[in-house]
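> Next one to model:
(2 chains)
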Amino acid sequence: GQNIDQPTEMTATEGAIVQINCTYQTSGFNGLFWYQQHAGEAPTFLSYNVLDGLEEKGRFSSFLSRSKGYSYLLLKELQMKDSASYLCAVRVMEYGNKLVFGAGTILRVKS
Amino acid sequence: GAGVSQSPSNKVTEKGKDVELRCDPISGHTALYWYRQRLGQGLEFLIYFQGNSAPDKSGLPSDRFSAERTGESVSTLTIQRTQQEDSAVYLCASSQATWGERNSPLHFGNGTRLTVT
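Below is the predicted model:
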């Protein structure tokens, strides 16, 4: 089966750096996505990794290690508006390239 | 419109009734997906349409669930004889290509919050 694990909740301080981890056990890995979802809103695309290494996009970076089945999302210079749920999703070739989502990590940014 | 549009935004129905949820994808997006999100949980895949190919219905939880799509436009998700466990947010997403290739991520609508009483 497919299994994607993320911490349920995290709390961090405004201006700090936070790392949200995601581990996965899937068949036929074909890319990993991070989405941000504010309460009551639609998920929005943040980043995509298919090769090992770090992808940087402004204050957000995402890392992938395929051999370890591990990814993290790094958020720098945290702002209050970053309080949201962060969803890790894996594209699985075995299932026609479906996106399988983790349960999400609720990040609370405090002042 | 510029984004994926879903209607209604909220739906309260009695157990046993049928409901129909609508999704208008972004114009030009050939791929359309339905997901379900229960409170505090991740997104559960339901069904996937890609162009004129046969839809991937492998995520539909029971035969009470069905979905249709007309060409590359509107899709409707129908739930018959609703049960309380069907209560969730139903999210629709579209993309230009299959399953969100790098240059074509999934774009989600705001969802329909279904409550079965």
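> can you tell me the distance between the two ends of stretch B:6-18?
Terminal residues of stretch B:6-18 lie 18 Å apart, using Cα to Cα, to the nearest Å.
> I'd like the average pLDDT over it.
For stretch B:6-18, mean pLDDT is 97.
> how distant is it from the center of its chain?
13 Å (Cα atoms, centre = their mean, to the nearest Å).
> residues of that stretch that come out buried?
B:Gln6, B:Lys11, B:Thr13 (16 or more other Cβ atoms under 10 Å in any protein chain shown). Placement of C-beta: from N, CA and C, glycine included.
> Could you find the closest non-adjacent residue to the first one?
With Cβ to Cβ, 6 or more residues apart in numbering or on different chains as the measure, B:Gly109 is the residue that lies nearest to B:Gln6, at 3.9 Å, once sequence neighbours are left out.
> and that neighbour, what does it touch?
A:Ala42, B:Gly3, B:Val4, B:Ser5, B:Gln6, B:Cys23, B:Leu91, B:Cys92, B:Ala93 (Cβ atoms under 8 Å, 6 or more residues apart in numbering or on different chains).
> residue ranges of the strands in chain B, please?
Counting by DSSP state E, chain B has strands at residues B:5-7, B:10-13, B:19-24, B:31-37, B:43-50, B:65-69, B:75-79, B:88-95, B:107-108, B:112-116.
> can you tell me how far the residue nearest the centre of chain B sits from B:Arg69?
The C-alpha lying nearest the average C-alpha coordinate of chain B belongs to B:Trp34 (Cα atoms, centre = their mean; 2.9 Å). B:Trp34 sits 10 Å away from B:Arg69, going by Cβ to Cβ, to the nearest Å.
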